[in-house]
Structures are given as structure tokens and as C-alpha cells.
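>>> Using only what follows, build the 3D model:
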Amino acid sequence: MTPSPPGAQLDLAGTLSGIRRMAPLSLFVVVFGLAFGVAALSRGLSGLETMLMSALVFAGASQFAALELWGPEIPLLPLIAITFAINARHLLMGAAIQPWLAYLPPAQRYGSVVLMSDSNWAMAVADRQRGETNLGMLVGGGIALWVTWLAGTLLGVIFGSGIEEPERFGLDVIMGCFLLAMLIGGRRDLSMLLPWAAAALTAVAAMAWLPPHSHVIVGALAGGLAGLLFPAKQTRKPSP
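Below is the predicted model of the structure:
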């Protein structure tokens with residue numbers, strides 16, 4: 001059996017550490033879950049349907065987008081298209097950590113990505129860049145986010161009221177600020193500016209001229225293509 005290389009380990013201690021580290025950010029997720037629970041009830045979903053949607057889908061932006069199309073007659077193809085557009089970034093996120101997961105047992109490998117979301121993925125990637133060998137941040141962080149998302153949804157279902165417009169309080173930018181902090185705190189290499197700039201510029205252009213949510217795919221593909229065509233130069237180690 002091929003041994004797992006450095007960077008491909010998962011244990012209970014690492015998972016618990018990931019839960020603790022993600023706990024502060026997870027508290028903000030409760031607010032969004034509450035808003036979703038209230039919005040889902042107002043669109044005609046039952047409390048059970050709302051909880052099942054949060055438990056099984058676990059994708060806030062896609063769930064809110066689905067509510068916009070919800071009604072007596074659900075347009076299935078547009079619903080599939082908009083859900084794919086919003087979550088297509090997970091294809092690239094998964095590809096980015098595939099070398100890290102490649103030698104893990106299948107149950108650990110696929111179970112880890114089931115819990116993957118933007119924030120725990122970003123923290124796990126930052127850990128990997130610092131030489132961390134444990135996937136606990138990805139798994140434990142995902143568990144923390146999933147539990148608090150469910151808790152917030154439950155509060156919305158129980159009380160039937162809450163913060164329906166989190167942007168009024170600036171809460172909608174919390175996740176963006178967090179990801180920006182992870183980006184800045186990661187590997188400091190000027191060669192990374194090119195893919196960042198390509199992704200940012202094409203995403204902004206797509207927001208202006210292309211259909212909604214397509215900027216997610218366009219920006220990610222442009223950044224990835226720039227990184228592929230102009231890879232970072234490897235620093236040569238001095239000869240002994």
C-alpha cells in the first residue's frame with residue numbers, strides 16, 4: 001500500500017482543532033441561516049422542507065437563489081443552471097487540493113470535500129502553504145459551519161422573523177473580507193499578482209456584461225489559465 005505523503009493526514013485531534021478555529025466565524029453563519037429560514041417559510045416551504053434543504057444542500061447562496069425561483073411551478077432548467085453557476089467554483093477548489101487528498105483512503109477523501117465551503121477551504125489552503133500536514137481544518141471547519149448553518153435555519157423556522165436583509169448591517173461582506181484576509185495572508189509571491197489580477201478584472205467585466213453569477217466561473221477560469229500559462233518561478237536552492 002502506498003504510504004500517504006506529507007500533507008495528507010486526518011485525525012480526530014486535527015478535526016477538533018478545525019472546529020475550534022472555525023467557531024468564531026461560524027457565529028456569523030447563524031445570522032444568514034436565520035435569514036434563510038425566514039425567507040424559505042415566506043416562499044411557502046414547510047419547516048421540515050427548509051431544514052432538509054439546509055442539511056442536504058449546505059450552500060447558502062444557491063439556497064437563496066433557489067428561493068427566487070420557487071413557486072407553484074418551479075422552472076427546473078433555470079434552477080439547475082443558476083445553481084451550477086453559483087457553485088461551479090467548487091470544481092476549481094476541489095482541483096486545487098486534489099494533490100493533497102490524492103493518497104488518502106476514499107472515504108476520507110470524498111468525505112472531506114462534501115464538507116468543503118469557501119471559508120474552511122481557504123483556511124485549509126493557507127495551512128497547506130505553511131506546511132501543515134493535517135486536513136482537520138477542512139473537515140472540522142466544515143462541520144462547524146454546517147452545524148451553525150443548521151442552527152441558524154432552525155432559529156428562522158422557529159421564530160419566523162429575523163434579519164431578512166443582512167446587507168443592511170454589512171454582514172454580507174464578512175465572508176468576502178475573510179477570504180481576502182486568507183489571500184493576503186497566504187504565500188507572498190509577486191508572481192501571484194498576475195493570476196489575481198486576471199481573475200479580478202475578468203470577474204468585474206463579467207459582472208457588467210454577462211448573465212448574473214457567471215463572473216464566478218469567468219474569474220476563476222481566467223485566474224487559473226493565467227497561472228497555468230505563466231507559472232511562478234521556482235526559487236533555486238544554493239548548492240551545498
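>>> If you count neighbours, what's buried in stretch 65-72?
Residues of stretch 65-72 classed as buried by neighbour count (16 or more other C-beta atoms under 10 Å): 65-67, 70. Using the backbone N, CA and C atoms, a C-beta is placed for each residue, glycine as well.
>>> These in helices, which ones?
65-67 (DSSP state H).
>>> Report the residue spans of the protein with pLDDT below the cut-off.
Scanning the chain with the threshold set as pLDDT under 70 gives 1-8, 160-191, 212-214, 216, 231-240.
>>> what's the domain layout of it?
12-184, 189-230 (automatic domain parsing).
>>> from the middle of its chain, how far away would the first one be?
Spelled out, it's domain 12-184. Relative to the mean C-alpha coordinate of its chain, domain 12-184 is positioned 6 Å out (C-alpha atoms, centre = their mean, to the nearest Å).
>>> Could you point out the longest helix of the protein?
Under DSSP H, the chain gives helix 12-42 as its longest helix.
>>> What angle do helix 12-42 and the helix or strand following that helix make with each other?
Per DSSP states H and E, helix 12-42 leads on to helix 47-57 as the next helix or strand towards the C-terminus. Helix 47-57 runs at 140 degrees relative to helix 12-42, counting by axes from the mean of the first three to the mean of the last three C-alpha atoms, to 10 degrees.
>>> what about dumping the CA coordinates of helix 47-57 to PDB?
What follows is helix 47-57, C-alpha atoms only, in PDB (Å, rounded to 0.1, in the frame of the first residue of the first chain):
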ATOM      1  CA  GLY A  47     -40.300  23.900   8.400                       C
ATOM      2  CA  LEU A  48     -39.200  20.400   7.600                       C
ATOM      3  CA  GLU A  49     -38.500  21.200   4.000                       C
ATOM      4  CA  THR A  50     -36.500  24.200   5.000                       C
ATOM      5  CA  MET A  51     -34.300  22.200   7.400                       C
ATOM      6  CA  LEU A  52     -33.800  19.400   4.900                       C
ATOM      7  CA  MET A  53     -32.700  21.900   2.300                       C
ATOM      8  CA  SER A  54     -30.100  23.400   4.600                       C
ATOM      9  CA  ALA A  55     -28.900  20.000   5.800                       C
ATOM     10  CA  LEU A  56     -28.600  18.400   2.400                       C
ATOM     11  CA  VAL A  57     -27.600  21.300   0.200                       C
END
